[in-house]
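J.: the following block contains a protein sequence and its predicted model.
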Protein chains: 2
Amino acid sequence: MTSIATSEYSPVVQSFIPLLYVAWADGMLSPSEVSIIQKEIEALPEISSEDKALLLDWTDPAEWPDDQTFKEWMSLLKDISVDTDYATIDSIVELGLVMADRAGGKDHPRYMKEETRAALSKLEKTLHIPGLAKFRAIHPPVGPKEFRHLFDPAKLQALQDGDNSEIINRLKKLLADPLFEISPIRAKEAYRDRVLDWLTKLAAQGYGALGYPKEYGGEDDIIKYAAVFETLAYFDLSLAVKFGVQFGLFGGSVHQLGTKKHHDLYLKDAGSAKLLGCFAMTETGHGSNVRDLETTATYKPDTDTLIINSPSEAAGKEYIGNALHCQIASVFAQLIVNGESQGVHAILVPIRGENGSLLPGRRVEDNGYKMGLNGVDNGKIWFDQVEVPRTNLLDRFGTITPEGNYQSQIAKPSKRFFTMLGTLVAGRICVAKGALSAAKVSLHIATKYALKRRQFGPDNQQEQLIMDYPSHQKRLIPRIAKSYATHFMLDELVKMYAHRDESSIREVETLAAGVKAYATWFATDTIQTCREACGGKGYLWENRFADLKADSDIFTTFEGDNTVLMQLVSKGLLSSFKQEFSDSGFMGSIRYLANQVSDSFLTINPMYKRKTDADHLLDHRFHLHAFQYRERRILFALGSRMREMFKKRITPYDVFIRTQNHMISLAKAFIERKILEHFIQTLDSIEDTDVKEFMERIYQLFALDTIESNKGWYLEHDYVEGVKTKAIRRQVERLCSELRPHVSLLVEGYGIPKSMVSAPIAI
Amino acid sequence: MTSIATSEYSPVVQSFIPLLYVAWADGMLSPSEVSIIQKEIEALPEISSEDKALLLDWTDPAEWPDDQTFKEWMSLLKDISVDTDYATIDSIVELGLVMADRAGGKDHPRYMKEETRAALSKLEKTLHIPGLAKFRAIHPPVGPKEFRHLFDPAKLQALQDGDNSEIINRLKKLLADPLFEISPIRAKEAYRDRVLDWLTKLAAQGYGALGYPKEYGGEDDIIKYAAVFETLAYFDLSLAVKFGVQFGLFGGSVHQLGTKKHHDLYLKDAGSAKLLGCFAMTETGHGSNVRDLETTATYKPDTDTLIINSPSEAAGKEYIGNALHCQIASVFAQLIVNGESQGVHAILVPIRGENGSLLPGRRVEDNGYKMGLNGVDNGKIWFDQVEVPRTNLLDRFGTITPEGNYQSQIAKPSKRFFTMLGTLVAGRICVAKGALSAAKVSLHIATKYALKRRQFGPDNQQEQLIMDYPSHQKRLIPRIAKSYATHFMLDELVKMYAHRDESSIREVETLAAGVKAYATWFATDTIQTCREACGGKGYLWENRFADLKADSDIFTTFEGDNTVLMQLVSKGLLSSFKQEFSDSGFMGSIRYLANQVSDSFLTINPMYKRKTDADHLLDHRFHLHAFQYRERRILFALGSRMREMFKKRITPYDVFIRTQNHMISLAKAFIERKILEHFIQTLDSIEDTDVKEFMERIYQLFALDTIESNKGWYLEHDYVEGVKTKAIRRQVERLCSELRPHVSLLVEGYGIPKSMVSAPIAI
């Protein structure tokens, strides 16, 4: 009692003490929170100016309450416990009112109990203070009130689905049918049969042909096709891959590389899955290096046919999806006409006859069990002098005339080759989308689990949700932000692809290669992290990670090995300065580059390096500058290094080999910069202000987390000082804790139906 | 011809030009290489002092040949091609001699062709210059000649196997029996049967009982037991885990927690696998937080029995290995005697009767398919008021007297609890060893594949081995170095555990927790990287990564979740300053800490931050200082932060929650420092000088790669400047390229028999 007697604080001031104590205790009262508190204080009726000044002083963000004040609060709070049963007080508000009462509130002329209660209650809710037992840091603080339950997840879903929501929802409905059930089928044969059955069902509903012209049963809509692929990937990646092989790769090769005669003959049946086909490009001996494939297709004038041949065991086609089910294959081979090689072309080669048995000269072997995707029938195919009509050449970009001469509008063999490979671009975008879907399912499951799993806690109290551990937040929330960032980029990329033309195709290809690598590495990392975040439960098959991990693992390899793709991206960036890649041409582009990047660009203002205020750290301009700076500086350094090497007459091939790691860094910086810029554009286009403000935080987290991941580089290149990287880390942690109350909204915003999440721990 | 006429270089000088051109071309001539070249030049007979000075000048490491010189060399080399067929010259040496001849060598008084040839040949071999077609960077340079084929892999294997080589070799022989064959068994039931059969075979040969006392069929040798576990993990992780569950966890609990009566009754049968048992600790509701398990064991005085009960569904034991095969279980439960809880104790509870059917009151459910380890029968177990004799309590550390009173020599419940958990320590060490074995198998496979897989290459030449890509070297070689570092640490840890006593047990437990997390994260990362490095081939089941990845994935979770373990490590470090962890006690330790770390420790000499010479970067003292500095500085910062929080009267629990990420960083720094220090000790103990010098490079790579991985931290804390981190990166790349010719030796040094590697791509 004594200390209360000595305390000269008025009732209203005392009523605020518990709340302020809790609010300050974690030392992280944000400016926006402070302004909310101060607004409530200002609005209190009858408060004396001294009291108001005192309370405002205690909430001055520039100056923490000093130790003395803090001790005083603590001792007042302790005194309360002498004759009050804490257990009967169920909130900070009630505690404050008890203190006010004990300080003579009832008799105090200016103390308005109900108004004070209203003000405190409002603050308690807004600041999300949960009770006496735990401090705010445990149930971490939330930001401005705009963040709380102001919109439902459907708004986030709409933001992602965009124009495709109708077809996405229709497909989700189909996949909710009991026929599509997630279950462990261990034997590959049974699993493949099921996937084939699923594929046929999808085709029957028109999903397969979406990307083909209307006259062949399609809608000429590659954007919808990609949305379908993305949605299938929530459910079963074997099905998604089989779907991609049949309609995207095989059908796509007929569509993109063939001419009307091929379309008329095959496209409708490809789209309806009546004609099963495979895309026979990769060989055992040649995966990444497609240009040097060994299979030959030699034109034989007397029979007007092409002879398809695998000259060696290693020249066999390998990992070919649909190899065991297909009737026909698009075979990539060195086309030889009149003894002259014209480079890699695709030729349609029947594999099986009507009765399903192999045609002569073909040999097919099962690739056996794989890490995952065991619902896809991957196999090896060899050809022994197989004869097909000349017209089976998919001849949009290069043909053999009836007279037996090779003809192409694209004179340059290397350009012809890259044009042929263009069929892979849509595949790469779809693989990236599929990987992202797998990552989203994982994040959904891990987040939902973290919101019900409790482990450890303060003595004699309920255990704590693992979502409330800062370490757990750091594992999941930045990855959720990254999933949104990647989603927006991919949607943009699909649109760019759909509307590509001669002038943009190069850019689309570079971007597709880079984003494919980025998204698939992201998925690999995220699924792993989510599995670990779910502990033993995450290891059980029923909780999905087993298949998500195993099925998606090959995504970093197929449709282009990520490491190779990243080098391709960098070559694209370097050559965009000059189209030619010959020795001298390249030197020219490097010189050009050197002129572009002036010294002044490389010099960073010392003040800037140490700028740590939140306004600056959360500013788009800071992020843009940091991302762009990194990319340009790596580009410049790489260019300079290459120039030195060329000077010493090192061959271009060797220069690229020696700068491999450097090129991969450049590609990463480029892709991250593109994703950031596109995120900013996306923010600009959001009309709903609640959603916009919310997404702004997601964006900030993505931006700062990416900078933090690269802090070694930024510090090494003297772009920031340690004090700034530390401030960035704190901001990342703060954003995680601000977004903590909204994680459920964030993962529900993916819009993955329960049947497709399926994991018991997430239900 | 003209330019040769204008060249005034003597024949001997000209003979060196091709070699010098190639050697300088990659700009990375190392001081040791330079000294070799200079030694040969010095030793040449009859060479004029002018010529000698010129050649020495051209090999001055401080100054590259200038552009003019380089152009001159180039033009001389070009002239040669006018009337010489390069194809007839098959080495740099021959080319040099041709140039000397053309410069009038035959008639030159001081030119000694044979001596020159000998000198050049020696250099060519030492510098590993492969021919004219490719520059040295492609087949990268090797270091001093001591590195080349001077010892066989058995020496490395001996270094790792140490005293255990006899038992390891015996077990390898057994596992080479056709009975132990790696094959895909998809159905869990069949796989479990096979693993059980394997287990029995191992037990029959005495492997299971190794850790038990001799009177129970063992050898009292936990070191050998760990070596067996490590070896089994090369072969099949389901078998290794089942082995660990039966002999380590179940048998280990009887051995470690029981008393003579239990040993007499059960230990022999446990070791021979006649009695199958499980270790029923984890519950669905409580995994990491073992202290709050819900299962109860209530003493009933009238029947002198213990009543085992699962009060809720979530109190069921889960993920319990051997659940479907076992006859008995060590059940961890809250022991209640006379209405008072004595904390967690282990009680032996029979599960199945003679005929294999479940005894009353027990319920067992299969955990179903898992991501991996499907050869292990994990399940859930519930107890419904199951009655067992009082003497079934494993009562080494706490007993119930016949009078029905609880008695323990360990008064403090928390200490009793941690003592009980001590059974997990050997398990953690084994898990770490198993993870490392899985990583080694992966590195072996990926390395062997990279030594035969060719892809891409200079125009019109054979494609290049992917091992020769710098990006590929960076992926594999530092991880190989890390595998050796981790191996040595683990071996030391096993020895420490075997010889533990009261004074060292705490240290052993802390180290085991940390190394378990370190090794299992390393394995997860390494297996993933190796799978990707093998592309499509890596995805095929036959090439092992599918199982290695899926089976080992749970290693980061079981026997203690890594994130939780790392926090445990940090608590151990903090509390080593003061044994008590109460609020005031902790404050005391933090104050102590603050006094320990003086300001002077935190200040780094500016010269030191920029020191980039190889002598410094490769110096043990630099590594030790960097590793120790990081640990101590993180410890200091963490301590200060905690002190601030305690000052504000934040509860100890909350303090730990808020500093989670910080604690994990500290634990990582600690473990890395321990591994480094032990690697240095290991180097000191190697007697064979060839092996020693070779391992020194592996050590250097480990040390610098670890510093590079943490460069963000070092830069942030101003320990180094960017110029130094860049130099470190170059050293890492250089070490990779120096070790490149020895990768085969390195992975063969693991001593994994072919039958256990099994992957077709590695054979």
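T.: Arrived safely, thanks for sending. The structure presented is a predicted model; accordingly, all values stated were derived computationally and were not measured.

J.: so A:Gln342 is in which element?
T.: Using DSSP states H and E, A:Gln342 maps to strand A:340-350.

J.: so after that strand, what's the next helix or strand?
T.: strand A:362-366.

J.: so what are the sheet partners of the helix or strand following that following strand and their directions?
T.: Going down the chain from strand A:362-366, the next helix or strand is strand A:379-383, by DSSP H and E. Strands adjacent to strand A:379-383 in the sheet, as given by DSSP bridges, are strand A:317-320 (antiparallel), strand A:362-366 (antiparallel).

J.: got the angle for strand A:379-383 vs strand A:340-350?
T.: Interaxial angle of strand A:379-383 relative to strand A:340-350 (axes from the mean of the first three to the mean of the last three Cα atoms, to 10 degrees): 120 degrees.

J.: mind checking how far strand A:379-383 is from the chain centre?
T.: Taking Cα atoms, centre = their mean, to the nearest Å, the mean C-alpha location of strand A:379-383 is offset from the chain mean by 35 Å.

J.: what do you get for stretch A:12-19?
T.: On Cα atoms, centre = their mean, the centre of stretch A:12-19 falls 46 Å from that of its chain.

J.: show me the contact partners of that stretch.
T.: For stretch A:12-19, contacts defined as Cβ atoms under 8 Å, 6 or more residues apart in numbering or on different chains pick out A:7, A:9, A:41, A:44, A:47, A:51, A:54-55, A:58, A:73, A:76-77, A:92-93, A:95-97, A:99-100, A:102-103, A:105, A:108, A:110-111, A:116, A:120, A:123-124, A:127, A:129, A:132. C-beta here means a position set from N, CA and C on the backbone, and glycine is covered the same way.

J.: enumerate every residue touching the residue of chain A positioned farthest from its centre.
T.: Largest separation from the mean C-alpha position in chain A: A:Asp107, at 61.2 Å (Cα atoms, centre = their mean). Counting by Cβ under 8 Å, 6+ apart, A:Asp107 touches no other residue.

J.: so it versus A:Ile664, what's the distance?
T.: 75 Å (Cβ to Cβ, to the nearest Å).

J.: cool, A:Leu324 as well?
T.: On the measure of Cβ to Cβ, A:Leu324 and A:Ile664 end up 36 Å apart.

J.: do the same with A:Leu676
T.: In terms of Cβ to Cβ, A:Leu676 sits 19 Å off from A:Ile664.

J.: do A:Asp613 as well
T.: Counting by Cβ to Cβ, the gap from A:Asp613 to A:Ile664 is 34 Å.

J.: ok, A:Ile41 next?
T.: Counting by Cβ to Cβ, the gap from A:Ile41 to A:Ile664 is 55 Å.

J.: again with A:Ser272
T.: In terms of Cβ to Cβ, A:Ser272 sits 42 Å off from A:Ile664.

J.: and the residue of the stretch 151-300 of chain A nearest chain B?
T.: For the stretch 151-300 of chain A, the residue closest to chain B is A:Arg186, as judged by Cβ to the nearest Cβ, at 4.0 Å.

J.: which residues of chain A score low on pLDDT?
T.: A:1-7, A:23-31, A:61-67, A:70-71, A:74-75, A:78-90, A:128-150, A:576-602 (pLDDT under 70).

J.: so A:Thr706 sits against A:Leu676, correct?
T.: Yes: contact criterion Cβ atoms under 8 Å: A:Thr706 and A:Leu676 qualify, at 7.3 Å.

J.: shared neighbours of these two, anything?
T.: A:Phe627.

J.: show the contacting residues for A:Phe702.
T.: By Cβ under 8 Å, 6+ apart, the neighbours of A:Phe702 are A:478, A:481-482, A:484-485, A:675-676, A:679.

J.: just the element for it, please.
T.: helix A:689-709.

J.: quick one: buried residues of that helix?
T.: Of all the residues in helix A:689-709, those buried under the rule 16 or more other Cβ atoms under 10 Å in any protein chain shown are A:691-708.

J.: what does stretch A:512-523 give?
T.: A:512-523.

J.: dump it to PDB, keeping only the CA atoms.
T.: Taking Å, rounded to 0.1, in the frame of the first residue of the first chain, the C-alpha atoms of stretch A:512-523 are listed here in PDB:
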ATOM      1  CA  ALA A 512      11.400 -17.500 -68.700                       C
ATOM      2  CA  ALA A 513      14.700 -19.200 -68.300                       C
ATOM      3  CA  GLY A 514      15.600 -17.200 -65.300                       C
ATOM      4  CA  VAL A 515      12.200 -17.300 -63.600                       C
ATOM      5  CA  LYS A 516      12.000 -21.000 -64.100                       C
ATOM      6  CA  ALA A 517      15.300 -21.400 -62.200                       C
ATOM      7  CA  TYR A 518      14.300 -18.900 -59.600                       C
ATOM      8  CA  ALA A 519      10.800 -20.500 -58.900                       C
ATOM      9  CA  THR A 520      12.000 -24.100 -58.900                       C
ATOM     10  CA  TRP A 521      14.900 -23.400 -56.500                       C
ATOM     11  CA  PHE A 522      12.500 -21.500 -54.400                       C
ATOM     12  CA  ALA A 523      10.100 -24.400 -54.300                       C
END
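
J.: that one and chain B in contact?
T.: No: Stretch A:512-523 does not reach chain B (Cβ under 8 Å from any Cβ of the partner chain); its nearest approach is 9.2 Å.

J.: so what touches that stretch?
T.: Contact partners of stretch A:512-523, identified using Cβ under 8 Å, 6+ apart, comprise A:425, A:428-429, A:431-433, A:435-436, A:438-439, A:479, A:482-483, A:486, A:489-490, A:493, A:497, A:552, A:555-556, A:559-560, A:562-563, A:565-566, A:568-569, A:572, A:667-668, A:670-672, A:674-675.

J.: try stretch A:621-630
T.: Outside stretch A:621-630, the residues that touch it by Cβ under 8 Å, 6+ apart are A:601, A:616, A:669, A:672-673, A:676-677, A:680, A:703-704, A:706-707, A:710, A:713-714, A:717, A:719.
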